[in-house]
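J.: curious how this folds, go ahead:
(one chain, ligands or ions: 1)
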Amino acid sequence: IDSTNAYAMSIIKKREAGEGTVILADFQTGGRGQKGNVWESQKGMNLTFSVILFPEFLEAGKQFYLLMSTSLGMIDLLKQAGIKAMIKWPNDICVSGKKISGILIENSLKGAYISSSIVGIGLNVNQTHYVTPGIMPTSVKLETGREMNCDILFSETLRHLTIWIRKLYRNEWPAIREKYLQHLWQYHKWSDYADSTGSFRGRITDILEGGELVIEKQNGIYEKYLFKEIEYGS
Ligand code: BTN
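T.: The predicted structure is shown next:
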């Protein structure tokens, strides 16, 4: 198929999807990443899948919690595989600055609430060479030196995601937020950033309910940023 997210959307529209339906592809001809990028994944080498949810209780203003829960499921899965990963805000899963997993969540809204969510996840497993320019990828194999069985890893991934998505469904907001902050890359560390005014040094001090990143600049001013409004320095 072209993209598990696109396929998920088509079956939601046809009302053929139930809560927790998972679409898993061996290969996507049009795998989609954030910001309109393509998601590179060699046939049979990695996990590319989408989970369909209908979290109708979730206010649109709290949709970032679904992203946090998903990221934490991936962090726990990688920990089990012996990999210490961090979350690069908002939802890149990285090991020593290299991206091992990407998440693309597409929500549909009904009024002030979510009606359906497509949680698309790509996890680099056994691929060791990447051709897309401008990305610094890594994979489970590159990090551990071991080839992994994708089927076993997939069921473990779903197990860890279920644990965190259950916490979301039980409204365990503080547990999700705290663990996300614990695994947030560069949290409280002075680092280089760039926004529309240019480069600056700053440190991440908080994440707001809507997912905005709060950064304290060196001049003592706090700024909040939405996705795409800020870039990380090298
Ligand atoms: C990112 O750019 O970091 C997000 C990548 C998300 C890729 C996954 S692979 C499975 C699902 N289907 C898609 O087309 N994209 C997501």
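J.: for the residue lying closest to residue 22 once chain neighbours are set aside, which residues make a bridge with it?
T.: Among residues not flanking residue 22 along the chain, residue 51 sits closest, at 5.3 Å (Cβ to Cβ, 6 or more residues apart in numbering). (C-beta placed from N, C-alpha, C; glycine too.) Under DSSP bridges, the beta-bridge partners of residue 51 are residue 22, residue 119.
J.: can you pull the contacts of residue 51?
T.: By Cβ atoms under 8 Å, 6 or more residues apart in numbering, the contact list for residue 51 reads 20-22, 118-119, 121, 158, 161, 165.
J.: just the residues you listed that are near the ligand?
T.: Among these, the ones lying near the ligand by Cβ under 6 Å from any ligand atom are residue 121.
J.: can I get the contacts of residue 51 in CSV with neighbour count, pLDDT and distance to residue 6?
T.: Shown next, in CSV, are the contacts of residue 51 (neighbours: other Cβ atoms under 10 Å; pLDDT from 0 to 100; distance: Cβ to Cβ, whole Å):
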residue, neighbour count, pLDDT, distance to residue 6
20, 12, 97, 19
21, 16, 98, 14
22, 17, 98, 15
118, 24, 98, 9
119, 24, 98, 14
121, 25, 98, 15
158, 18, 98, 21
161, 22, 98, 20
165, 22, 98, 22
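J.: and which of the contacts of residue 51 is nearest residue 101?
T.: The nearest member of the contacts of residue 51 to residue 101, counting by Cβ to Cβ, is residue 121 at 6.7 Å.
J.: and residue 155, what element?
T.: Here residue 155, judged by DSSP states H and E, is contained in helix 150-169.
J.: just give me how far that helix sits from the chain centre.
T.: Centroid separation for helix 150-169 versus its chain: 14 Å, with Cα atoms, centre = their mean, to the nearest Å.
J.: need the contact partners of that helix.
T.: Helix 150-169 has contacts (Cβ under 8 Å, 6+ apart) with 22, 24, 44-47, 49, 51, 53, 55, 57-58, 65-66, 69-70, 72-74, 76-77, 80-81, 119, 121, 123, 125-126, 140, 175-176.
J.: which bits of this structure sit near the ligand?
T.: 3-5, 28, 31-34, 37, 39, 48-50, 92, 102-104, 120-122.
J.: of those, which belong to helices?
T.: Among the residues of the chain next to the ligand, DSSP state H puts 4-5 in helices.
J.: shouldn't residue 116 be within a helix?
T.: No. When classified by DSSP: H, G, I helix; E, B strand; the rest coil, residue 116 is found to be strand rather than part of a helix.
J.: now do the contacts for it.
T.: Residue 116 makes contacts with 12, 17, 52-54, 107-108, as judged by Cβ under 8 Å, 6+ apart.
J.: which helix or which strand is home to residue 77?
T.: Using DSSP H and E, residue 77 sits within helix 64-80.
J.: what's the farthest-apart pair in the contacts of residue 51?
T.: For the contacts of residue 51, the farthest-apart pair by Cβ to Cβ is 118 and 158; their separation is 15.4 Å.
J.: just the buried ones from the residues of the chain next to the ligand, in PyMOL syntax?
T.: To isolate the buried ones among the residues of the chain next to the ligand in PyMOL, judged by 16 or more other Cβ atoms under 10 Å, type:
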select buried, resi 3+4+5+28+31+32+33+39+48+49+50+92+102+103+104+120+121+122
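J.: what is the three-state secondary structure of residue 146?
T.: Of the three states, residue 146 takes coil under three-state DSSP.
J.: re the thing from before, got the CA coordinates for the helix holding residue 155 in CSV?
T.: As requested, the backbone C-alpha atoms of helix 150-169 are provided in CSV (Å, rounded to 0.1, in the frame of the first residue of the first chain):
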residue,chain,number,x,y,z
CYS,A,150,10.3,-7.8,13.2
ASP,A,151,7.2,-9.9,14.1
ILE,A,152,8.3,-10.3,17.8
LEU,A,153,9.3,-6.7,18.0
PHE,A,154,6.0,-5.7,16.5
SER,A,155,3.9,-7.5,19.2
GLU,A,156,6.2,-6.0,21.9
THR,A,157,5.6,-2.6,20.4
LEU,A,158,1.9,-3.0,20.5
ARG,A,159,2.1,-4.2,24.2
HIS,A,160,4.1,-1.1,25.2
LEU,A,161,1.8,1.3,23.3
THR,A,162,-1.2,-0.3,24.8
ILE,A,163,0.2,0.3,28.3
TRP,A,164,0.6,4.1,27.6
ILE,A,165,-2.6,4.5,25.6
ARG,A,166,-4.5,2.9,28.5
LYS,A,167,-3.1,5.6,30.8
LEU,A,168,-4.4,8.2,28.4
TYR,A,169,-7.8,6.5,28.4
